[in-house]
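S.K.: Return atomic coordinates for the entry below.
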Amino acid sequence: MAAKTDVYVDTGALIAFADASDSFHTLFRRLFAQPPRLLTTTLVLAEGHGWFLRRFDTTRALQFLAMAQAMTPLRVQSVGSSEQRAAVALLRRFSDQPLTLADAVGLHVMETNRVRSCWSTDRHMALTGVPLVIHEH
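M.R.: Numbering: from 1, shown residues only. Just a heads-up that it's a prediction; the model follows:
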């Protein structure tokens with residue numbers, strides 16, 4: 001079984017940290033200043049990169065990726081076929097919710113890594129019982 005990870009970081013948290021105009025920017029700036037052990041996935045980084053690419057330009061999108069790479073307590077988990085299969089099962093289980101594949105992979109990764117808290121602005125990331133930091137602060 002995987003070692004316990006303190007926090008799963010979803011796309012919304014990374015965007016809020018990087019974008020000063022985001023309503024959660026102050027919270028995530030404070031949290032990322034002294035972070036615990038962090039975990040995210042390659043799909044989260046892909047979503048964030050795409051978000052900055054669509055809203056701004058390639059420079060900001062690359063700055064987003066550089067920011068994530070520079071976060072030393074952040075472990076990025078690759079998504080393979082087993083994670084994808086588990087995520088599809090979660091998409092079916094929660095088919096009444098508008099979850100993305102990246103969300104479902106995140107839910108699976110939180111469970112398998114015994115994550116205690118989720119840094120996300122997306123309420124769907126609490127579907128399996130992991131508390132969202134936005135509700136704790």
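
S.K.: Give me the buried positions along the least confident helix or strand in the chain by mean pLDDT.
M.R.: When each helix and strand of the chain is scored by mean pLDDT, DSSP states H and E, helix 133-136 comes last, with a mean of 89. Buried residues in helix 133-136, defined by neighbour count with 16 or more other CB atoms under 10 Å: 133-134. In short, each C-beta sits where N, CA and C put it, glycine included.

S.K.: same deal with stretch 89-108?
M.R.: 90-91, 94, 99, 102-108.

S.K.: Turn these into TSV, columns for secondary structure, distance to T58 and pLDDT.
M.R.: Formatted as TSV, those follow (DSSP: H, G, I helix; E, B strand; the rest coil; distance: CB to CB, whole Å; pLDDT from 0 to 100):
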residue	secondary structure	distance to T58	pLDDT
L90	helix	33	98
L91	helix	31	98
F94	coil	34	98
L99	coil	28	96
A102	helix	21	98
D103	helix	25	98
A104	helix	28	98
V105	helix	25	98
G106	helix	26	98
L107	helix	31	98
H108	helix	31	98
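
S.K.: farthest-separated two in those?
M.R.: Using CB to CB, the pair of those lying farthest apart is F94 and A102, separated by 13.8 Å.

S.K.: Could you report the separation of Q63 from L53?
M.R.: Applying CB to CB, to the nearest Å, the value for Q63 to L53 is 11 Å.

S.K.: so where is this protein shaky, pLDDT-wise?
M.R.: The model of the chain has pLDDT under 70 over residues 1-5, 137.

S.K.: what are the ranges of the helices in it?
M.R.: Secondary structure of the chain (DSSP state H): helices at 11-18, 25-33, 42-55, 58-70, 81-93, 101-112, 133-136.

S.K.: Using CSV, please lay out these together with distance to W119.
M.R.: Listed next are those as CSV, based on distance: least, CB to CB, whole Å:
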stretch, distance to W119
helix 11-18, 4
helix 25-33, 6
helix 42-55, 11
helix 58-70, 13
helix 81-93, 19
helix 101-112, 11
helix 133-136, 5
